[in-house]
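J.: got a predicted structure plus its sequence, pasted below:
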Amino acid sequence: MTSQPNPEPHKGFGDLGERPWKAAGLPAHPGADPAAYGRSWETLANALSGFLDALAESVPGRETVEALAADLTTWSDKLKPLASPERDRVFGRRTDLHGRGQSMSPKLVVIRSDRDSVEGTVHFGSYFLGGNGAVHGGAIPLIFDEILGRLANSADRPPSRTAYLHTDFRSITPIGPDLSIRAWFVSEEGRKRILRATIHHGDTLCAEAEGLFVALRPGQP
Ligand SMILES: CCCCCCCC/C=C\CCCCCCCC(=O)SCCNC(=O)CCNC(=O)[C@H](O)C(C)(C)COP(=O)(O)OP(=O)(O)OC[C@H]1O[C@@H](n2cnc3c(N)ncnc32)[C@H](O)[C@@H]1OP(=O)(O)O
């Protein structure tokens, strides 16, 4: 399987657009216009991730904790009235940005992608600490589902969902450094797409995964 690298690899990588909703038989929906935000949504997503890392690392005094809780509550109260249906939301839907404009999984920086494979870097901040400098064992399948799921749904393929995701933890995945991440198609037969991925720190294999993604039948959520 060979194809040309995408010159702007993160732009639209795994962008499902309206396909999931169409597959589920829902009408097209305008959604939020990413262009309306300029770079500000990216700045917000970076600030949010940076905040979570700083909070995870800090040992603040009681006054700071109380002030922070009050500030966060003020922002939640401002945002709650702006809640919108899933298809209109921006958080996690900005596939034109590295990291999709969200903080739930670490930022995936796509360096190269084509129809059947993708390569990039991932960096786990302190927010994703399990213990003793190693990434939490649940955060690793999270980034594997992200990269495999996006690749499985790339290049105008009909939307699919993860049926299984098998992860092998080969050595600790360190918090802090940029790690190399790679994913590729193994096979694509009927509705079944099998893909694999690896995470390396330098030459050390940290973790590897295999996922089965099954294309949704019409009306499947
Ligand atoms: C659509 C996405 C919408 C997102 C839109 C937002 C845009 C944001 C942009 C970017 C996002 C980033 C990207 C992330 C992507 C992440 C994706 C996920 O994590 S999805 C959440 C976790 N997964 C579930 O919740 C699935 C729950 N399970 C199901 O819904 C069904 O089980 C499903 C659809 C997977 C299959 O069910 P059946 O009834 O349609 O099909 P059957 O007949 O069971 O299976 C078909 C074939 O697959 C095999 N199969 C199914 N499950 C298997 C398994 N666990 N192990 C082995 N084989 C399995 C079967 O044996 C069968 O094979 P034979 O045709 O007989 O050869």
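T.: Structure received.

J.: where do the helices sit along the protein?
T.: Per DSSP state H, the chain carries helices over the ranges 19-23, 40-57, 62-79, 139-152.

J.: ok, and which of those has the densest surroundings?
T.: For the helices of the chain, ranked by mean neighbour count under the definition mean count of other Cβ atoms under 10 Å, the leader is helix 139-152 at a mean of 23. Using the backbone N, CA and C atoms, a C-beta is placed for each residue, glycine as well.

J.: can you tell me the closest non-neighbouring residue to the residue most central in space within the chain?
T.: Centroid-nearest residue in the chain, with Cα atoms, centre = their mean: residue 146, separated by 4.4 Å. Take residue 146 and drop its neighbours on the chain: the residue closest to it by Cβ to Cβ, 6 or more residues apart in numbering is residue 105, 5.1 Å away.

J.: ok, now which ones touch the one you found?
T.: The contact partners of residue 105, taken as Cβ atoms under 8 Å, 6 or more residues apart in numbering, are 139, 142, 143, 146.

J.: one more time with 7 Å, if that's ok
T.: Contacts of residue 105 were listed using Cβ atoms under 7 Å, 6 or more residues apart in numbering, and they are 142, 143, 146.

J.: between the residues you listed, which sits nearest the ligand?
T.: Proximity of the contacts of residue 105 to the ligand, judged by Cβ to the nearest ligand atom, is greatest for residue 146, which lies at 5.5 Å.

J.: ok so, going back, let me know the pLDDT of the residue nearest to residue 146.
T.: The predicted structure scores residue 105 at 96 on the pLDDT scale.

J.: distance of the residue of the chain found nearest the ligand from residue 175?
T.: In the chain, the residue that lies nearest the ligand is residue 149 (2.3 Å; Cβ to the nearest ligand atom). In this structure, residue 149 and residue 175 are 23 Å apart, going by Cβ to Cβ, to the nearest Å.

J.: show me what contacts the residue nearest to residue 154 when sequence neighbours are not counted?
T.: Leaving aside its chain neighbours, residue 154 sits nearest to residue 14 (5.2 Å; criterion: Cβ to Cβ, 6+ apart). Applying Cβ under 7 Å, 6+ apart, we find residue 14 in contact with 95, 149, 150, 151, 153, 154.

J.: got a markdown table for those, with pLDDT too?
T.: Written out in a markdown table, the entries for those read as follows (pLDDT from 0 to 100):
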| residue | pLDDT |
| --- | --- |
| 95 | 84 |
| 149 | 97 |
| 150 | 96 |
| 151 | 97 |
| 153 | 95 |
| 154 | 93 |
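
J.: ok, is the lowest-mean-pLDDT helix or strand in the chain in contact with the ligand or not?
T.: Between all helices and strands in the chain, the lowest mean by mean pLDDT, DSSP states H and E belongs to helix 19-23, at a mean of 71. Yes: Helix 19-23 lies within reach of the ligand by Cβ under 6 Å from any ligand atom, at residue 20.
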